[in-house]
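Peer 1: Let's see this in three dimensions:
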Amino acid sequence: MSKNLGFESIRNLEESEKDREILNNLGGGNIASDISLFINNTQNVSILEWKYNTDGSSIASNKFIFPTTVPFVFTTADKVEVTTAVGNLSVNTTYYVVGLDLKAGSRGTQVAFGLSTTLNGPLVTLGSITTNVNFTRAELVTQENLINIAKPLIEDSETNILGNDFNYLINSSFNQAFDNIESNVDTFNFLREFKYVSNDSTSIDRNPIFEGIIEVSDPANFNASEADLGADKSPGVYISDPFSDVLSITKTRAFSSDSNPWLKVGDELVTESTKVNIGDLYFSNGITINSIVDFNTVDSSVVASAFTHKIPIVIDNVEYFLLLKS
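Peer 2: Below you'll find the model as predicted:
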């Protein structure tokens, strides 16, 4: 073990190459592992990228507005630098995060912040920025950080003896507390992106699965007027035409249209169908069926009252039935 004891006069003060073992022998325990936590501590940084004109990102009132898809951890008074000179921003200049806004954007679901050259100072005029911007924040751990995280010697109590006591409000270990914080941040980021809010669109690109009853509310009694049922903002459940223009979606109110296989029986709507395909099929120049010789079409304004045969056809991957009468 003598070779791991550090500098020894009998070895002419020759230095051992096993530095970690030397530290453990001199300090006891796993002091080498503890010290390794602080290796390159001053070089640790986090990078937050603002992408120009991407997913709703923009600049408004000298603030960078980030899209909802960007994980966000920067907060007020953080010291940051930019990696490239853009607009009126310069490299090797320390800026402070100011004007943090957690409800930015037209729908109030985005996060934004501005920069200042002084703590809690005025916003820097950003100028014209048409490229991506990377913000770097130092992540070094200082002695002040360690002192502040330590449990205080004096905590508040029911008697409040000193009148100015302190409680750090952590009822578990630090590791458990940090795990809870990380979980809460992940939940917040998920809900911020997916939770329905009153001033945001409720459209989704996923197939929803409902268990139970779906109830459509009309608290403003908008549908009290029959004339308002065709309005765009009329509440209800609709089936849209998948081939209609996204800027002018053709839709029909579900459960109350002849386009659906529902029948009114008493005060109830009844259907025997398990799958409904909605679409408009229009023949502008008539049709021809090679296997049927004597085939006549009638004016499109005439609605057939009965039929005796049906022929399945597939158009644009949608199955239709031609209703025929012999």
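Peer 1: neighbours around S128, how many?
Peer 2: Neighbours of S128 under the rule other CB atoms under 10 Å: 8. Bear in mind the C-beta positions are built from the backbone N, C-alpha and C, glycine included.
Peer 1: for the one 5 residues further on, same thing?
Peer 2: For V133, the tally of surrounding residues (other CB under 10 Å) stands at 20.
Peer 1: Which residue is the nearest non-sequential neighbour of T109?
Peer 2: T68 (5.4 Å; CB to CB, 6 or more residues apart in numbering).
Peer 1: which helices and strands does whichever strand or helix holds I47 pack with?
Peer 2: If you go by DSSP states H and E, I47 is part of strand 45-50. Helices and strands touching strand 45-50, as assessed by 3 or more CB pairs under 8 Å, 6 or more residues apart in numbering; DSSP states H and E, comprise strand 133-138.
Peer 1: thought the residue nearest to T109 was touching R107?
Peer 2: No: at 9.1 Å, T68 does not count as touching R107 under the criterion of CB atoms under 8 Å.
Peer 1: Those two: who's more crowded?
Peer 2: T68 (17 against 13).
Peer 1: quick one, phi psi at the more buried one?
Peer 2: Note on T68: backbone dihedrals following degrees, to the nearest 10 are phi -70, psi -20.
Peer 1: list the contacts for the residue nearest to T109?
Peer 2: For T68, the contacting residues are 55-56, 109-110, 192-193, by CB atoms under 8 Å, 6 or more residues apart in numbering.
Peer 1: Just the ones of the residues you listed in helices?
Peer 2: Counting by DSSP state H, those place 192-193 in helices.
Peer 1: Just the buried residues of the contacts of T68.
Peer 2: The neighbour count (16 or more other CB atoms under 10 Å) marks 56, 109-110, 192 as buried among the contacts of T68.
Peer 1: For the stretch 151-300 of the chain, just list every one of the strands.
Peer 2: For the stretch 151-300 of the chain, the strands defined by DSSP state E, counting those that start in this stretch cover 238-240, 251-253, 263-265, 268-270.
Peer 1: got the domain boundaries for the chain?
Peer 2: According to automatic domain parsing, the chain comprises the domains 2-37, 210-326.
Peer 1: Of those domains, which shows the lowest average pLDDT?
Peer 2: Ranked by mean pLDDT, those bottom out at domain 2-37, with a mean of 61.
Peer 1: which residues touch F74?
Peer 2: 48, 80, 97, 100, 113, 135, 137.
Peer 1: actually N53, sorry about that
Peer 2: Contacts for N53 were tallied using CB under 8 Å, 6+ apart; they are T130.
Peer 1: and it, what element?
Peer 2: Applying DSSP H and E, one finds N53 in no helix or strand.
Peer 1: On the pLDDT front, check it for me.
Peer 2: 90.
Peer 1: Low-confidence ranges, the stretch 51-200 of the chain, go.
Peer 2: The stretch 51-200 of the chain contains residues with pLDDT under 70 at 148-172, 196-200.
Peer 1: Turn the contacts of F74 into a markdown table, columns for distance to G121 and neighbour count.
Peer 2: As requested, the contacts of F74 are exported to a markdown table (distance: CB to CB, whole Å; neighbours: other CB atoms under 10 Å):
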| residue | distance to G121 | neighbour count |
| --- | --- | --- |
| L48 | 20 | 20 |
| V80 | 14 | 21 |
| V97 | 11 | 20 |
| L100 | 14 | 17 |
| F113 | 13 | 26 |
| F135 | 17 | 22 |
| R137 | 18 | 17 |
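Peer 1: What is the nearest of those residues to I209?
Peer 2: In terms of CB to CB, no member of the contacts of F74 lies closer to I209 than L48, at 35.5 Å.
Peer 1: Contacts only, for the closest one.
Peer 2: 70, 72-74, 80, 134-135, 137.
Peer 1: let's go with 6 Å and repeat that
Peer 2: L48 makes contact with 74, 135, according to CB atoms under 6 Å, 6 or more residues apart in numbering.
Peer 1: swap in the one 10 residues further on?
Peer 2: Taking CB under 6 Å, 6+ apart as the contact definition, S58 lies against I65.
Peer 1: Mind listing the residues bridging to the residue nearest to F72 when sequence neighbours are not counted?
Peer 2: Closest residue to F72 apart from its sequence neighbours, by CB to CB, 6+ apart: V111 at 4.8 Å. In this structure, V111 bridges to F66 when assessed by DSSP bridges.
Peer 1: Okay then, goodbye and thanks.
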